[in-house]
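Undergrad: sequence unknown, structure follows:
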């Protein structure tokens, strides 16, 4: 049986930690930053670990060998 392909978009958006969790960029930081609080902007720096249900979907459908 042929190997499954990893989704190209997922390669660029997600990465896996050593323990197998899915790391992703923070959402809601593209525009409209004036109306957001400084605390929200500060807390959305860098990356975040996805929730359990989202991790299952990403690893199953987009990163089959991750």
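TA: Done, it's in. Because the structure is a prediction, the values reported are computed rather than measured.
Undergrad: show residues contacting stretch 43-56.
TA: Here stretch 43-56 makes contact (CB atoms under 8 Å, 6 or more residues apart in numbering) with 14, 17, 21, 22, 23, 24, 25, 26, 27, 28, 29, 58. (Each C-beta comes from the backbone N, C-alpha and C, glycine too.)
Undergrad: for this structure, just list every one of the strands.
TA: For the chain, applying DSSP state E gives strands covering 14-16, 22-25, 47-49.
Undergrad: pipe those strands into JSON lines and attach mean pLDDT, mean neighbour count and distance to residue 8 per row.
TA: Formatted as JSON lines, those follow (pLDDT from 0 to 100; neighbours: other CB atoms under 10 Å; distance: least, CB to CB, whole Å):
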{"stretch": "strand 14-16", "mean pLDDT": "96", "mean neighbour count": "17", "distance to residue 8": "12"}
{"stretch": "strand 22-25", "mean pLDDT": "98", "mean neighbour count": "17", "distance to residue 8": "16"}
{"stretch": "strand 47-49", "mean pLDDT": "97", "mean neighbour count": "13", "distance to residue 8": "20"}
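Undergrad: got a markdown table for the contacts of stretch 43-56, with distance to residue 1 too?
TA: A markdown table is the format used below for the contacts of stretch 43-56 (distance: CB to CB, whole Å):
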| residue | distance to residue 1 |
| --- | --- |
| 14 | 25 |
| 17 | 29 |
| 21 | 28 |
| 22 | 25 |
| 23 | 30 |
| 24 | 30 |
| 25 | 33 |
| 26 | 37 |
| 27 | 36 |
| 28 | 40 |
| 29 | 41 |
| 58 | 22 |
